[in-house]
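# Return atomic coordinates for the entry below.
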Amino acid sequence: MMKVSLRSAGTAFALTILLLTNGCHRHRKSKSAPNTTAYSDNLHELVQKKALPPEKVDTTKVPNLRWPNFSDYQTIVATFYDDRNYEVAWTRDGAPTASATAFIEQFRNAGAKGLIPEDYDAPRWADRVQALNSKSADAISLFDVAMTVNVMRYISDLRIGRVNPSHFNFEVPVQDKKYDLAEFVSDNAVDATDVPKLIVGVEPDSVEYRKTEAALAHYLDLAKQEEQAQAEPLPTVAKPVSVGGAYPAAGALLARLQLEGDAEPGSVPSTATASTVFDSTLSDAVKHYQHRHGFTEDGKLTPQTINSLNVPMTYRVTQLQDSLERWRWLPDPYLHARLMVNLPEFVLRGFDPDHKLDFTMRVVVGKVMGQHETPVFTHMMKYLVFRPYWSVPADIARKELVPHMEASHGYLASKNFEVTNNKGMVLTDYTAKQVAQGAVMVREKPGPKNSLGLVKFIFPNQYDIYLHSTPAVSLFEQTRRDFSHGCIRVQKPADLAAWVLQGQGGDWDLDKVHAAMNSGTDNRTVSLKTPLPIVIFYLTAIVVDDNEVHFFDDIYGYDSEMQKVFAKGPPYPIKPTPIEPKTKPGDTV
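Coordinates of the predicted model:
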């Protein structure tokens, strides 16, 4: 038997106690940390360990921050320093570390990322660095905490966006991609040898995101050119101008169209009276501009086109910044979703498993007026329903059906509706009052005249929003297509169904889909073996495959709402706004 001396046992016991008391504390010390704790008391004083509500935060603790209230990061900052035993992280021998200097450069160039350099104290770092020359413990400690706060803000803003989408009542699981910032900054940022490479890894790994970032750089340059040119706004017109018509500012119009590349840089008007004639060169350029903005592509100089041409480049910059913010929200698999609806564009895109574009098709989305705006959210498409019933939401039945029922008892039957109890049994004896009170339910029977058409695509969500076909196909010819009660109507439902069902079993092809839609079983559900990620998105600026930048109107004001939040600065809200959701469940013609 092995004998253990009392001395050995005592040593083992002491080691055990040490492990028990310190086993949950992971001490981090960067290569750049000085071998001193001279700044510990200062850092303790600057970093409040317990996060306080914004109204109680002492914003004088870290003076000269652009946004001194860092209550949303306070606990994380405290954890960062606690893990380091309150050693300074960003200076060595009273000078900024290489990684600190590299982050300062990142802050200065934050505008290229669609962020605001001042939000990360870009103009303030030169003075802070200068103050380090004093070797003062106060200056070094203030520099350190300011750097930690701003690095955390910068990394988080690039990783998940500045404002949580839940604040806007959008359902996007941004938390799925959130870093443990205290650990990430300690392990990856403090001693980073290549900060730009680190930042690229933080941002979305998406071709669309990188193209949007490149477009932003281009439009920042265009905004500078526009400011220097100080051109007068283009004069509007009372009615559309066609080829051969007169337009007094034809030369200025050509210059404006050349600015964004809608007209070739070296192109010249084809008539001797170029200054007043709207010729074919201008018409072709206008048509290209209309294509990029979702307007009717007729090549005519319309009031709508001129109003759009007069929008400042700074506004286009803001649209691109808003798009980058929303791209940052998306976690995998939604960053590379197989299906994406862009609401202000009125377009659905489908991508193959390698995220190459397979198709685009037009869609109809929720009405701008009437509390029917389609929300932004992500989900998994799980099944299709061929020849569906449409269960009319109670509020729609009350507002839109009951008045007709009161005027004509046979109205519902004449319009292909039937009434059921809560068990789904069809009733022949019912009253308009029962429908108005929600005591019974109204549903539209399947068939080609059904409001949902002959197929719907379901991705269960809190809004009861889905894709579906429609008998009102003429609406797809409109350039602005916000006509629904919230759901999304698709232009080519059979093609979409065949695409969705590829590889899902059952040997589905277009012929089989047509058969299921036109003569198949009513209300037939077909489940997907592999659910497809779908994003209902909102981009008023998007770069398409040919690297053209397309812009669209902020139809729902979602961009405007976000800009109002940004204007207030951090800490940004994360909870939903206390308002009733705009979108009501269900859809109608």
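# Not counting sequence-adjacent ones, nearest residue to Val347?
Spatially, and ignoring its direct neighbours in sequence, Val347 is nearest to Thr360 (5.6 Å; CB to CB, 6 or more residues apart in numbering). Every residue, glycine included, has its C-beta placed from N, CA and C.
# Please give me every residue in contact with the one you found.
When contacts are counted by CB atoms under 8 Å, 6 or more residues apart in numbering, Thr360 touches 347-350.
# Against Val455, how distant is it?
Computed as CB to CB, to the nearest Å, the Thr360 to Val455 distance reads 19 Å.
# Wasn't the residue nearest to Val347 part of a helix?
No: per DSSP: H, G, I helix; E, B strand; the rest coil, Thr360 lies outside any helix segment and is strand.
# if I look at it, how far off is Pro333?
When CB to CB is the yardstick, Thr360 and Pro333 sit 20 Å from each other.
# Equivalent analysis for Pro240, please.
With distances taken as CB to CB, Pro240 is found 45 Å from Pro333.
# doesn't Arg162 fall inside a strand?
No: for Arg162, which was evaluated using three-state DSSP, the result is coil, with no strand membership.
# Is it correct that Leu330 is in contact with Val172?
Yes: in this structure, Leu330 sits in contact with Val172. The criterion is CB atoms under 8 Å, and the distance is 6.8 Å.
# okay, those two: which has more neighbours?
Under the criterion of other CB atoms under 10 Å, the comparison of Leu330 against Val172 puts Leu330 first, with 28 against 24.
# what pLDDT does the more buried one get?
At Leu330, the model reports a pLDDT of 96.
# Need the phi and psi values for Pro331.
Pro331 adopts backbone torsions of phi -90, psi 160, taken as degrees, to the nearest 10.
# can I assume His550 sits in a strand?
Yes: secondary structure assignment places His550 in a strand (three-state DSSP).
# Give the burial count for the residue nearest to it when sequence neighbours are not counted, as a bare number.
Excluding the flanking residues, the one nearest His550 by CB to CB, 6+ apart is Arg292, at 4.8 Å. When neighbours are defined as other CB under 10 Å, Arg292 has 18 of them.
# could we number from 43 for the rest of this?
All set: I'll call the first residue 43, so the last point we hit is now Arg334.
# residue contacts, Arg334?
Arg334 sits next to 302, 304, 590-593 when contact means CB under 8 Å, 6+ apart.
# can you rerun that using 10 Å?
Arg334 is in contact with 302-304, 350, 586, 590-594, counting by CB atoms under 10 Å, 6 or more residues apart in numbering.
# Then Pro138?
Contacts here follow CB under 10 Å, 6+ apart; on that basis Pro138 touches 74, 132, 144-146, 167, 170-171, 174, 185-186, 189.
# By neighbours, which of those wins?
For the contacts of Pro138, counting by other CB under 10 Å, the largest number of neighbours falls to Met189: 28 neighbours.
# Tell me the spacing between that one and Leu223.
14 Å.
# Could you pull out the residues contacting both of the two?
Between them, Met189 and Leu223 share the neighbouring residues Ala231, with contact defined by CB under 10 Å, 6+ apart.
# what stretches of the stretch 93-242 of the chain score poorly on pLDDT?
Within the stretch 93-242 of the chain, the stretches falling below the threshold (pLDDT under 70) are 93-103.
# ditto for the chain
The low-confidence ranges in the chain, as defined by pLDDT under 70, are 43-80, 90-103, 308-316, 412, 618-631.
# could you point out the longest strand in it?
strand 566-579 (DSSP state E).
# distance of the spatially closest residue to Ser433 that is not a sequence neighbour from Ser365?
Leaving out its chain neighbours, the residue that sits closest to Ser433 by CB to CB, 6+ apart is Arg485, at 4.8 Å. Summarising the geometry, the distance separating Arg485 from Ser365, computed by CB to CB, is 39 Å.
# The two: which is more packed in?
Each of Arg485 and Ser365 had its neighbours counted (other CB under 10 Å), and the higher figure belongs to Ser365 (28 against 21).
# pretty sure the more buried one contacts Glu387?
No: with contact defined as CB atoms under 10 Å, Ser365 does not count as touching Glu387 (11.4 Å).
# Now the common contact residues for those two.
Among the neighbours of Ser365, those also in contact with Glu387 (CB under 10 Å, 6+ apart) are 579-582, 584, 593.
# Please produce a markdown table containing the residues you listed, extended by neighbour count.
Below are those laid out as a markdown table (neighbours: other CB atoms under 10 Å):
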| residue | neighbour count |
| --- | --- |
| Phe579 | 25 |
| Tyr580 | 26 |
| Leu581 | 25 |
| Thr582 | 25 |
| Ile584 | 24 |
| Phe593 | 24 |
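# which one of the contacts of Thr402 is nearest Asp471?
Closest approach to Asp471 among those (CB to CB): Leu390, at 42.6 Å.
# A strand includes that closest one, no?
Yes: under three-state DSSP, Leu390 falls within a strand.
# Is it bridged to anything, and to what?
Beta-bridge partners recorded for Leu390 (DSSP bridges): Val383, Met403.
# Return the residues in contact with it.
In this structure, Leu390 makes contact with 381-384, 401-405, 407, 509, 530, 532-534, 538, 576, 578, judged by CB under 10 Å, 6+ apart.
# Just the buried ones from the residues you listed?
With burial judged by 16 or more other CB atoms under 10 Å, the buried subset of the contacts of Leu390 is 381-384, 403-405, 407, 509, 530, 532-534, 538, 576, 578.
# Could you pull out the buried residues of stretch 600-617?
Judged by neighbour count using 16+ other CB under 10 Å, the buried positions of stretch 600-617 are 600-601, 604, 608, 612-614.
# export the residues you listed to a markdown table and tack on secondary structure?
Formatted as a markdown table, the entries for the buried residues of stretch 600-617 read as follows, by three-state DSSP:
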| residue | secondary structure |
| --- | --- |
| Tyr600 | helix |
| Asp601 | helix |
| Met604 | helix |
| Phe608 | helix |
| Pro612 | coil |
| Pro613 | coil |
| Tyr614 | coil |
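# give me phi/psi at the residue nearest to the spatial centre of the chain?
Per CA atoms, centre = their mean, the C-alpha nearest to the average position across the chain is that of Arg368, at 2.2 Å. Taking degrees, to the nearest 10, you get phi -70, psi -30 for the backbone angles of Arg368.
# so who does it touch?
If a contact means CB under 10 Å, 6+ apart, then Arg368 has 203, 207, 212, 214, 251, 254, 418, 577, 579-582, 600-601, 604 as its contacts.
# Output stretch 172-183 in CSV with nothing but the alpha carbons.
Listed next in CSV are the C-alpha coordinates belonging to stretch 172-183 (Å, rounded to 0.1, in the frame of the first residue of the first chain):
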residue,chain,number,x,y,z
GLN,A,172,-0.8,62.5,-26.8
ALA,A,173,-1.9,62.4,-23.2
LEU,A,174,-0.1,59.0,-22.8
ASN,A,175,3.2,60.9,-23.1
SER,A,176,2.7,62.1,-19.5
LYS,A,177,3.0,58.5,-18.3
SER,A,178,0.1,59.4,-16.0
ALA,A,179,-1.8,56.5,-14.5
ASP,A,180,-5.0,58.4,-15.0
ALA,A,181,-4.3,59.0,-18.7
ILE,A,182,-3.3,55.4,-19.3
SER,A,183,-6.3,54.0,-17.4
